[in-house]
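K.L.:
have a look at this fold, sequence not included:
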């Protein structure tokens with residue numbers, strides 16, 4: 001970890017969201033998205049050449065570094081990070097309610113952060129958008145059940161089964177072997193998902209998967225009983241997804257579809273197997289079950 005960012009082991013770079021940082025030369029590899037605002041310095045310099053007093057957590061713009069700041073005074077709408085000393089599971093369990101909606105407290109939302117930077121640049125508030133990922137109880141339940149029931153290890157955001165089964169996803173492998181685990185119809189795979197009614201309505205209107213927490217949306221084969229931790233009021237429906245857009249999700253019949261906010265190493269793996277983020281779906285069924 002460097003400045004709270006994960007190292008992309010294939011490139012040796014750190015991904016900050018808006019661009020990549022090369023620690024060897026202490027420079028960004030891309031032009032500052034707000035370069036016109038800081039025309040007096042090179043668009044490749046890190047924190048305006050003042051790394052002692054400034055930080056740049058998103059790659060968009062330098063800001064004051066206040067390591068001793070009072071947590072109580074921190075704007076709850078601004079992005080958070082996982083506190084040291086706790087697991088990713090514990091971190092995701094910390095939920096905050098803002099404007100009547102629930103969010104994962106220790107997360108960031110790149111699109112919201114960029115939107116706030118742009119809004120601030122034009123004179124608006126820098127916290128107009130909530131910079132946390134929305135709380136998705138279904139996806140959150142998938143992660144927790146996989147860890148607790150499969151003796152899983154959360155590695156780079158991907159749950160790998162470490163005992164009692166075959167590891168289908170191998171770090172560094174160019175493909176994910178899922179053909180033997182799912183029944184397909186040509187290049188499409190029929191999956192199901194417990195979700196909120198609002199998510200179902202969005203899928204009905206857009207014909208696409210809705211991005212979940214951490215850039216991951218979990219689905220499963222084998223029917224509604226494949227996942228037992230759905231919350232009261234959740235609805236279950238089935239649909240077809242391009243097979244190449246599925247990554248292993250922790251158990252033999254669990255899979256995940258990635259969104260643009262997924263970790264770079266997962267996006268890289270998805271690209272290698274020819275998949276796409278938030279793919280278009282087909283044959284969405286009516287609501288088949290409602291969790292009582």
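P.N.:
Right, received. Where do you want to start? Keep in mind it's a predicted model, so treat the numbers as computed, not measured.
K.L.:
spit out the contact partners of residue 60.
P.N.:
Residues in contact with residue 60 (C-beta atoms under 8 Å, 6 or more residues apart in numbering) are 17-18, 32-34, 113-114, 117. For the C-beta atoms, the positions are set from N, CA and C on the backbone; glycine is no exception.
K.L.:
which ones among those map onto helices?
P.N.:
113-114, 117 (DSSP state H).
K.L.:
most neighbours of all those residues, which one?
P.N.:
The most crowded member of these is residue 113, carrying 22 neighbours; neighbours defined as other C-beta atoms under 10 Å.
K.L.:
report the separation between that one and residue 79.
P.N.:
6 Å (C-beta to C-beta, to the nearest Å).
K.L.:
overlap of the contact sets of those two?
P.N.:
58, 131.
K.L.:
coming back round to it: now the contacts of residue 60 in CSV, with distance to residue 194 and pLDDT?
P.N.:
Shown next, in CSV, are the contacts of residue 60 (distance: C-beta to C-beta, whole Å; pLDDT from 0 to 100):
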residue, distance to residue 194, pLDDT
17, 30, 71
18, 34, 74
32, 42, 75
33, 38, 75
34, 41, 76
113, 29, 85
114, 31, 84
117, 35, 85
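K.L.:
want to throw these into TSV with distance to residue 212?
P.N.:
Below are the contacts of residue 60 laid out as TSV (distance: C-beta to C-beta, whole Å):
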residue	distance to residue 212
17	18
18	22
32	31
33	26
34	30
113	18
114	20
117	24
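K.L.:
any idea which of the residues you listed is closest to residue 189?
P.N.:
Proximity of the contacts of residue 60 to residue 189, judged by C-beta to C-beta, is greatest for residue 17, which lies at 30.7 Å.
K.L.:
list the contacts for that closest one?
P.N.:
Neighbour list for residue 17: 58-60, 108, 110, 113-114 [criterion: C-beta under 8 Å, 6+ apart].
K.L.:
from those, which is closest to residue 95?
P.N.:
Taking C-beta to C-beta as the measure, residue 95 sits nearest to residue 108 out of these, at 15.2 Å.
K.L.:
pLDDT (mean, whole number) over stretch 121-137?
P.N.:
Across stretch 121-137, the average pLDDT comes to 81.
K.L.:
can you list contacts of that stretch?
P.N.:
Contacts with stretch 121-137, where a contact means C-beta under 8 Å, 6+ apart, come from 34, 37, 75, 77-80, 95-96, 98-99, 101-105, 107-109, 111-113, 115-117, 119-120, 196, 212-214, 230-231, 234, 261.
K.L.:
that older thread, now for the contacts of residue 60: which two are most distant?
P.N.:
Using C-beta to C-beta, these reach their maximum pairwise distance at 32 and 113, which is 14.8 Å.
K.L.:
picking up where we left off before, distance to residue 46 added to the ones in helices among the contacts of residue 60, as a markdown table?
P.N.:
A markdown table is the format used below for those (distance: C-beta to C-beta, whole Å):
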| residue | distance to residue 46 |
| --- | --- |
| 113 | 17 |
| 114 | 18 |
| 117 | 16 |
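K.L.:
quick one: the helices in the stretch 151-292 of the chain, in order.
P.N.:
In the stretch 151-292 of the chain, the helices defined using DSSP state H, counting those that start in this stretch lie at 197-206, 264-272.
K.L.:
tell me which of those sits nearest to residue 253.
P.N.:
Minimum separation from residue 253 across these (C-beta to C-beta) falls at helix 264-272, 19.2 Å.
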